[in-house]
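*Asks:* Have a look; sequence and predicted model below, questions after that.
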Amino acid sequence: MTPGLHPHVPQLGAWLTDRFLPAWIDRTVRPGQPGYVESVGADGLPVETGARTVMVTARLVYVFSLGHLLAPDGACLEAARHGLDFLLGPCRGRDGRFLHLVPAEGQGAAPPADLYDLAFILLALGAFSATSGDAAPLAIANEIAGRLEAHLADPHGGYREDGLAAGERRQFPHMHLLEACQILSRLGSEGGWELRAEQMVDLLERRFLVGGSVGEWYERDWRPAPGAHGRERQLGHQFEWAWLLYRQGALTGSARATRLADRLYSFGLACAGAETGPLTPMIDAIDRDGKPRDDMRPLWPMTELLRASVAKVTFAGESQARHMADSTASAIFTHYLDPQTGLWVNELGEDNRAVLTSVPTRVLYHIVPALAAYASLRDGDFAAPNPLLR
């Protein structure tokens with residue numbers, strides 16, 4: 001076993017399951033309150049707005065479902081069930097369609113869920129089913145798939161998002177659809193998930209990739225959006241696509257998926273400057289040519305680089321990526337994550353100074369799977385078959 005990441009983290013897997021996850025269950029699951037707390041302050045105490053969003057709810061159902069597979073004797077399954085009950089209750093209208101959020105009293109009507117929300121709902125349903133053995137969520141996932149195909153499928157590929165400005169389309173909801181499809185396809189569901197996952201890979205190769213990287217905004221026919229909008233890139237999404245593609249290659253034997261993953265991983269490393277020196281907090285917003293668009297260095301792209309590096313070793317057999325995984329994990333604990341409190345600095349600005357004092361709980365979706373995957377690679381933790389991790 002390699003040396004600990006931090007004096008307070010001698011064993012990463014045990015720290016994650018015995019300290020980090022229990023602390024965040026205590027912070028996010030409030031007795032007598034629905035859903036999850038969506039933000040805490042620098043002191044770890046809840047910052048309440050009254051509203052609950054479907055995206056955060058679904059993300060945390062996934063996180064705590066994964067947590068149960070990592071530590072079956074803990075409290076994660078009940079924490080996941082708490083969120084699922086809210087997701088399938090108040091977050092769902094009488095017609096079975098999901099809302100974007102459940103507003104606090106007096107805040108008005110709730111808009112419908114968008115494609116980004118639906119991708120995470122599918123991820124949550126698959127994760128909870130994989131964890132609990134309950135097949136009922138899979139039937140709801142199949143209902144969502146039926147509505148996607150009947151009402152949002154687009155002849156140009158992928159799915160429409162009716163709530164956007166005319167002619168605008170986003171790639172990243174499709175990225176998370178790929179993630180959900182990978183899990184659902186492994187659960188014996190009859191929703192056509194394996195085929196849909198391959199369609200997302202096709203869409204990436206034919207439409208999203210422009211100049212060796214993936215953009216954020218496109219026109220209706222998937223041409224890059226005009227102007228600066230179309231040149232925008234998020235470095236974290238390059239790495240997020242990469243680890244999903246490495247996993248797709250391992251699940252299906254697709255050499256194409258692995259080749260696309262290598263392409264995006266290499267682009268991301270070059271933009272992060274990780275090929276020429278020690279890894280430091282990296283700017284996420286870049287242009288098509290890799291030039292920074294601002295000074296912000298959020299935590300979540302670091303976790304996606306970590307997971308992509310682990311995936312490159314685990315799924316593609318590229319042992320050289322192990323050094324990048326070690327370097328990234330060390331940088332996360334050095335610059336962002338406090339192992340004693342379990343809190344993190346969510347965003348660094350110029351000179352690596354903290355910009356935001358609040359801690360959004362949605363980022364647990366990035367932190368927990370990345371650290372669990374790294375603990376599995378580094379120390380051999382969590383060796384049992386785990387469809388949410390591998």
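*Replies:* Yes, it's here.
*Asks:* Nearest spatial neighbour of Ile25, chain-adjacent residues omitted?
*Replies:* Distances taken as Cβ to Cβ, 6 or more residues apart in numbering place Ala79 nearest to Ile25, at 4.7 Å, with adjacent residues excluded. Backbone N, C-alpha and C define where each C-beta goes, glycine included.
*Asks:* starting at the chain centroid, how far to the helix or strand that neighbour falls within?
*Replies:* According to DSSP states H and E, Ala79 maps onto helix 76-88. Here helix 76-88 shows a centroid-to-chain-centroid distance of 18 Å under the convention Cα atoms, centre = their mean, to the nearest Å.
*Asks:* and if you look at stretch 114-131?
*Replies:* 11 Å.
*Asks:* Ok, stretch 293-309 next?
*Replies:* For stretch 293-309, the distance to the chain centre is 12 Å (Cα atoms, centre = their mean).
*Asks:* Just name whatever secondary elements the helix holding Ala79 is in contact with.
*Replies:* helix 21-28, helix 54-70, helix 115-132, helix 136-147 (3 or more Cβ pairs under 8 Å, 6 or more residues apart in numbering; DSSP states H and E).
*Asks:* For the residue nearest to Ile25, the count of nearby residues, please.
*Replies:* 25 (other Cβ atoms under 10 Å).
*Asks:* what does Lys291 give?
*Replies:* 11.
*Asks:* cool, Glu143 as well?
*Replies:* Other residues close to Glu143 by other Cβ under 10 Å number 14.
*Asks:* quick one, what contacts it?
*Replies:* In this structure, Glu143 makes contact with Gly96, judged by Cβ atoms under 8 Å, 6 or more residues apart in numbering.
*Asks:* List the contacts of Ala23.
*Replies:* Ala23 neighbours (Cβ under 8 Å, 6+ apart): Thr341, Gly342.
*Asks:* Pull up the gap between it and Val47, please.
*Replies:* Distance, Ala23 to Val47, using Cβ to Cβ, to the nearest Å: 16 Å.
*Asks:* and the helix or strand that the helix holding Ala79 is followed by, which strands flank it?
*Replies:* Sequence order places strand 101-102 as the next helix or strand after helix 76-88, per DSSP H and E. Applying DSSP bridges, strand 101-102 is found paired with strand 52-53 (antiparallel).
*Asks:* Touching the strand it pairs with from outside, list them.
*Replies:* Pro34, Gly35, Tyr36, Glu38, Phe86, Pro90, Cys91, His100, Leu101, Val102.
*Asks:* Nearest to Arg390, out of the helices and strands packed on helix 76-88?
*Replies:* helix 54-70 (10.6 Å; Cβ to Cβ).
*Asks:* Using PDB, write out every CA atom in that closest one.
*Replies:* Only the C-alpha atoms of helix 54-70 are listed here, as PDB (Å, rounded to 0.1, in the frame of the first residue of the first chain):
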ATOM      1  CA  VAL A  54     -34.800  16.900  -8.400                       C
ATOM      2  CA  MET A  55     -31.200  17.000  -9.600                       C
ATOM      3  CA  VAL A  56     -29.600  17.200  -6.200                       C
ATOM      4  CA  THR A  57     -32.100  14.600  -4.800                       C
ATOM      5  CA  ALA A  58     -31.300  12.100  -7.500                       C
ATOM      6  CA  ARG A  59     -27.500  12.700  -7.200                       C
ATOM      7  CA  LEU A  60     -27.600  11.900  -3.500                       C
ATOM      8  CA  VAL A  61     -29.800   8.900  -3.900                       C
ATOM      9  CA  TYR A  62     -27.000   7.600  -6.300                       C
ATOM     10  CA  VAL A  63     -24.200   8.600  -3.800                       C
ATOM     11  CA  PHE A  64     -25.900   6.800  -0.800                       C
ATOM     12  CA  SER A  65     -26.800   3.800  -2.900                       C
ATOM     13  CA  LEU A  66     -23.100   3.500  -3.900                       C
ATOM     14  CA  GLY A  67     -22.200   4.000  -0.200                       C
ATOM     15  CA  HIS A  68     -24.300   1.000   0.800                       C
ATOM     16  CA  LEU A  69     -22.400  -1.200  -1.700                       C
ATOM     17  CA  LEU A  70     -19.200   0.100  -0.200                       C
END
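*Asks:* Rounded mean pLDDT for it, please.
*Replies:* Mean per-residue pLDDT for helix 54-70: 98.
*Asks:* Ok, stretch 272-292 next?
*Replies:* 86.
*Asks:* same question, stretch 174-189
*Replies:* 93.
*Asks:* Could you give me the buried positions within that stretch?
*Replies:* Residues of stretch 174-189 classed as buried by neighbour count (16 or more other Cβ atoms under 10 Å): 174-187, 189.
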